[in-house]
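Asks: using only what follows, build the 3D model:
(chains A, B, C and D)
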There are 2 protein chains.
Amino acid sequence: MSKKQLIMESALELFAQQGFDATSVQQITEHAGISKGAFYLSFKSKDELINGLIDHFMLSLISDIDHVVKHHETDATLLFDFYQAAFHSFQKHSDFAKIFIKEQSKTPNEELISKIHQYDKLIDNIILGMLDRIYGEEISQTRFDLIYCVKGFIHTYSHLILFFNVPLDLHTLSRSLAEKTALLAKHSETTFITEELYHTINEPFHVHVTKEQLLEMMEQKIEELEDSTLKESLDLLKQQMIEPSLSPAIVKGLILNLNNHPACKQIAYLVQDCLVND
Amino acid sequence: MSKKQLIMESALELFAQQGFDATSVQQITEHAGISKGAFYLSFKSKDELINGLIDHFMLSLISDIDHVVKHHETDATLLFDFYQAAFHSFQKHSDFAKIFIKEQSKTPNEELISKIHQYDKLIDNIILGMLDRIYGEEISQTRFDLIYCVKGFIHTYSHLILFFNVPLDLHTLSRSLAEKTALLAKHSETTFITEELYHTINEPFHVHVTKEQLLEMMEQKIEELEDSTLKESLDLLKQQMIEPSLSPAIVKGLILNLNNHPACKQIAYLVQDCLVND
DNA sequence: TATACTAATGACTGATTGGTCATTTGTCAA
DNA sequence: TTGACAAATGACCAATCAGTCATTAGTATA
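Replies: Next comes the predicted model:
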């Protein structure tokens, strides 16, 4: 076993027990039976070690479930096998999994958050691909909500697997979740996460809507809408963006008008951003 | 605002951004505009502050959703109102909620983990009570699994609410989750979490606020409040706790007075627990 | 004004951290 | 045995932490 691997395994165990911050490099090297200096021959810093661990686990998990989804012949047992693969992967790398669930969104390291978010998107895509393949058009209204439900199931039940030392029947669990997922896919009808919302969430950093783009979006919305109050509010706000003339209170009120209608919330958000920041 | 409150609010903001460990007492006191020494006049240690914050938020959340579940007349909209209350509470105390979701089972502080686990069990009981009330025998095989599904839904969608700065329609979200929960309750059949397993995981427990602690909290609240009705209600209930003399109807009315004011809901919950159980 | 008391301060302590580097140890070939 | 080189060490550093305490500022009473 290479020194790097030795360190990673020692660190893993301690991180799972105590978390990143609470585990010192000293502890890691003592646990691995090496000196502090030797640690820094293998890793440039503690952060580099953490990054390496995250990469290792996430790639392992993702390739596990991706393999199941991609190389599956009949759709009949796909959901079941997906859950089975996910939970097995969690169990196999339980120390990794514990860290991942515990330190989900710690904030000292911007790079790390972005990395986890990227992996999360990959998982989303695998789940979405699976659901589309099984249900096709049937779930066109609820496919993004279904992703969140599947991830919610995995999260809560993983907690059970990882943090309670009881023998669990993963076969029954996977069967149970496959049944639940199928029920939601076939009968759920209410859309909460629209395609638009989903894409806004998943690209929050790169999304920069220019003033021109926003004006165009407003124009389009005005044509789509029926309600005259909303149409008028949008039109006034559009003019305000081109040539400010209204008082702040009026602008605020107009934005509130939009906020009251679900179909306009998204655009209200963008308009507010644009008019407040100018 | 008392110094204690000032510190708690300052700390809250910083904890939500950076986490517990990454936030120093120095930072908190600078943000609050007081000296480091003054911090230790209000709190015995940093841990005591953290404990205080957890207690404050969890009791607030629990009393919010408990109130909805207990005082609901028709079962028809109960699920919807439950989700609505939960998400509103999360949004209202979004800094608290962020901390709770981030640092779930983090610190090596044994006491804190146990505390959070105990609150989690309280929430489980409220959810279970709600589900039993709506569906009764119908869900006898799946009631414990349903708890985990409801919590899974709340967890994933809370993530959306808390960590992405987008406008969300909580009304639609609650409707959507109520629909999903109803689907699972009515059609799901596979049991994974048996009664035995559930009780193995959750050893019995009580969050116990002693009478003395509660009296002290009431005392403090009386000083904070302005409204004379609330002050008087609290004072009468305090005397009632020391030396019962009022009729049950009066006590009930006084508690209702408190319930009408958001800032007192949580203390109302505790007082009710104390006076009803005695 | 003098006195008594509490509230508030911030320099300080001792412990711990991530990271460095002069030194030692181990392992070769010559 | 020697010399050359890499591998490994751990004392050390600056920074930071939670928590303390002698001192000062502020306020109310006599």
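Asks: give me the distance between the closest residue to DNA strand D within the stretch 1-150 of chain A and B:Glu138.
Replies: Per CB to the nearest atom of the strand, A:Gly37 is where the stretch 1-150 of chain A lies closest to DNA strand D, at 2.1 Å. (C-beta placed from N, C-alpha, C; glycine too.) A:Gly37 sits 65 Å away from B:Glu138, taking CB to CB, to the nearest Å as the criterion.
Asks: these two: which is more packed in?
Replies: Using other CB atoms under 10 Å in any protein chain shown, the more surrounded residue of A:Gly37 and B:Glu138 is B:Glu138, with 13 against 8.
Asks: excluding chain neighbours, what is closest to the residue of the stretch 51-200 of chain A found nearest chain B?
Replies: Going by CB to the nearest CB, chain B is nearest to A:Gly152 of the stretch 51-200 of chain A, at 3.4 Å. Excluding the flanking residues, the one nearest A:Gly152 by CB to CB, 6 or more residues apart in numbering or on different chains is B:Gly152, at 3.4 Å.
Asks: tell me, how many residues neighbour the one you found?
Replies: B:Gly152: 24 surrounding residues under other CB under 10 Å.
Asks: name all residues that make contact with it.
Replies: A:149, A:152-153, A:155-157 (CB atoms under 8 Å, 6 or more residues apart in numbering or on different chains).
Asks: A:Thr190 now?
Replies: Taking CB under 8 Å, 6+ apart as the criterion, A:Thr190 is in contact with A:142, A:145, B:172, B:175-176, B:179-180.
Asks: Serialize the residues you listed to a markdown table and add fields for secondary structure.
Replies: Conversion of the contacts of A:Thr190 to a markdown table gives the following (DSSP: H, G, I helix; E, B strand; the rest coil):
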| residue | secondary structure |
| --- | --- |
| A:Thr142 | coil |
| A:Asp145 | helix |
| B:Thr172 | helix |
| B:Arg175 | helix |
| B:Ser176 | helix |
| B:Glu179 | helix |
| B:Lys180 | helix |
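Asks: for B:Ile127, state which of those is nearest.
Replies: Lowest distance from B:Ile127 to the contacts of A:Thr190 (CB to CB) belongs to B:Lys180, with 14.3 Å.
Asks: ok, that closest one to DNA strand C distance?
Replies: Distance, B:Lys180 to DNA strand C, using CB to the nearest atom of the strand, to the nearest Å: 43 Å.
Asks: likewise A:Pro248?
Replies: From A:Pro248 to DNA strand C the distance is 36 Å (CB to the nearest atom of the strand).
Asks: any idea which residue is closest to the centre of chain A?
Replies: Among the residues of chain A, A:Asp120 comes closest to the average C-alpha position under CA atoms, centre = their mean, at 4.5 Å.
Asks: contacts made by the helix or strand harbouring A:Ile99 with the rest, please.
Replies: Per DSSP states H and E, A:Ile99 falls inside helix A:94-102. With CB under 8 Å, 6+ apart as the test, helix A:94-102 has contacts from A:12-13, A:15-16, A:19-20, A:53-54, A:56-58, A:60, A:89-91, A:155, A:158-159, A:161-163, B:104-106.
Asks: also stretch A:137-144?
Replies: In contact with stretch A:137-144 (CB under 8 Å, 6+ apart) are residues A:128, A:131-132, A:135, A:146, A:184-186, A:188-191, A:193-195, A:197-198.
Asks: would you mark the buried spots in it?
Replies: A:139, A:142-144 (16 or more other CB atoms under 10 Å in any protein chain shown).
Asks: same question, stretch A:215-228
Replies: Neighbour-count burial for stretch A:215-228, counted by 16+ other CB under 10 Å, picks out A:215, A:217-218, A:221, A:225.
Asks: any part of that stretch near chain B?
Replies: No - applying CB under 8 Å from any CB of the partner chain, one finds stretch A:215-228 separated from chain B by no less than 14.7 Å.
Asks: same deal with stretch A:31-48?
Replies: No - Stretch A:31-48 stays out of contact with chain B when judged by CB under 8 Å from any CB, the minimum separation being 13.6 Å.
Asks: contacts for that stretch?
Replies: Outside stretch A:31-48, the residues that touch it by CB under 8 Å, 6+ apart are A:3-4, A:6-7, A:9-11, A:13-14, A:25-26, A:28-29, A:49, A:52, A:109, A:112.
Asks: now stretch A:159-176
Replies: By CB under 8 Å, 6+ apart, the list of residues contacting stretch A:159-176 reads A:80-81, A:83-84, A:87-88, A:90-91, A:94, A:97-98, A:101, A:157, B:105, B:145, B:148, B:188, B:190-193, B:197, B:200-201.
Asks: all helices of the stretch 51-200 of chain A, in order?
Replies: A:78-92, A:94-102, A:110-135, A:143-163, A:170-187, A:195-202 (DSSP state H, counting those that start in this stretch).
Asks: including mean pLDDT, could these go into a markdown table?
Replies: Below are those laid out as a markdown table (pLDDT from 0 to 100):
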| stretch | mean pLDDT |
| --- | --- |
| helix A:78-92 | 95 |
| helix A:94-102 | 85 |
| helix A:110-135 | 90 |
| helix A:143-163 | 95 |
| helix A:170-187 | 97 |
| helix A:195-202 | 90 |
